[in-house]
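>>> Sharing a model prediction with you, sequence too.
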Amino acid sequence: MILPFARKRDAVAFDIGSNSIKLVQMNQTKKGWELVKMGMAELPPEAIVDGSIIDSMTVTNTLRELVREHGVKVKDAISSLTGHSVIIKKVSFPAMTEDELADSIQWEAEQYIPFPITDVNIDFQILGADTDGRGQMDVMLVAVKKDVINDYTNVIKEAGLNPVVIDVDSFALENMMEINYPVTPGENIAMVNIGASITSISVIMGGLTIFTRSIPMGGNQFTEELQRQLNVSFKDAEDMKLGRKAGDHDPEQLASSIDSVSTNLTFEVKRSLDFFLGGAQGSYVTKIYLSGGGSKVSGLQNLMQEKTSIPVELVNPFKGVEASSKHFDKERLKEASSFFGVAVGLATRRFADR
């Protein structure tokens, strides 16, 4: 949606996160979507910070190794961005056609973008035409800093790939939900994607994302708190966070450390949803879906459900995807599923999409 593209052909998707890169390639068949390749490789701390690439050589080498390891032959690549460099706003513009808005979007959008308009790429989606004669229409406006787009496209190019689409995480998750959890009438959902350093919150109504917010919290905060409170290594803290290991440590102290971060994160999610609901008269959220590596933190799902009074479910991005048992281990898919929401959504993108 940020880069132009032309004819329709297959591509491979990369979710380049702050502590790992996820690869997904899928085929669209008459029966639906089929998983062709998937893989994940960890990145060292500080390679990517708050959505900005700091160590481009390491990211490039990791991409190149993932492609080699999984025998990817497709050269066209799709990726996405999140964080403070991405601005997504629902705004009202004077009623006009899509072509007219495309011609005037630069100066129409300037008042909503906190960066110089020459420093960003802009895209939009008209959410609703003027149906009540007020002369206005709702538009989802997206702006991404050009230098951040360039950083991501450059590491993809250096890895020997051809970047054809740079999307936004929240829209990729919308695509993932569409193929796995079809919208039922009257259902409005919230997506909470808990990455390593950034949690993105979005509300999807009628299959369209109409609200997004990113907060600078994620799985790393749990790990750092456990390291600090229990004086353990990064790896041990990661295992404890996911309930895989407790060692000789006091279970109450372990639970308290996790709960303190879970409570802060849940509060931010609730505050974001309350802000949305407060400004959207008559709106409601029927369910919260959790995705991202941090979504599997012990007790987080139940705590969020308790504090928000909204049912909370862990997303399975492969729920509606055909995955041959000959090539993919079902248990591994289940174990890794929380990490692949964005990558699966990106892998559904095809040329000629808008």
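Here it is on my side, so go on.
>>> quick one: the strands in the stretch 101-250 of the chain?
All strands of the stretch 101-250 of the chain, identified by DSSP state E, counting those that start in this stretch, fall at 120-128, 136-145, 162-168, 188-194, 199-205, 208-215.
>>> Please name whichever of those strands is nearest to Lys30.
strand 162-168 (24.1 Å; CB to CB). Where C-beta positions appear, they are placed from N, C-alpha and C, glycine not excepted.
>>> And that closest one, what does it pack against?
strand 76-81, strand 136-145, helix 146-158 (3 or more CB pairs under 8 Å, 6 or more residues apart in numbering; DSSP states H and E).
>>> what do you get if the cut-off is 10 Å, keeping everything else the same?
Helices and strands touching strand 162-168, by 3 or more CB pairs under 10 Å, 6 or more residues apart in numbering; DSSP states H and E, are strand 12-16, strand 76-81, strand 86-94, strand 120-128, strand 136-145, helix 146-158, helix 169-180, helix 341-347.
>>> how long is stretch 194-203 from one end to the other?
Terminal residues of stretch 194-203 are spaced 15 Å apart (CA to CA, to the nearest Å).
>>> centroid residue for the protein?
The structure's the chain has its C-alpha centroid closest to Asp169; by CA atoms, centre = their mean the separation is 3.3 Å.
>>> In contact with it, which residues?
Residues near Asp169 by CB atoms under 10 Å, 6 or more residues apart in numbering: 15, 17, 51, 80-83, 86, 191, 193, 195, 198, 200, 202, 212, 214, 291-292, 341-342, 345-346.
>>> cool, and Asn302?
Asn302 touches Ser262, Val312, counting by CB under 10 Å, 6+ apart.
>>> again with Gln221
Listed by CB under 10 Å, 6+ apart, the contact set of Gln221 reads Ile194, Ala196, Ser197, Thr199, Lys241, Ser260, Val261, Ser262, Asn264, Leu265, Gly294, Val297.
>>> do you know how far it is from Val232?
For Gln221, the distance to Val232 equals 15 Å [CB to CB, to the nearest Å].
>>> pLDDT-wise, which helix or strand of the protein ranks last?
helix 234-241 (a mean of 82; mean pLDDT, DSSP states H and E).
>>> Downstream of that one, the next helix or strand is which one?
Tracing the chain C-terminally past helix 234-241 and defining elements by DSSP states H and E, one meets helix 251-279 next.
>>> what's the burial count for Ala47?
Each residue near Ala47 was counted by other CB atoms under 10 Å, and the total is 20.
>>> That's all I had, so thanks and see you.
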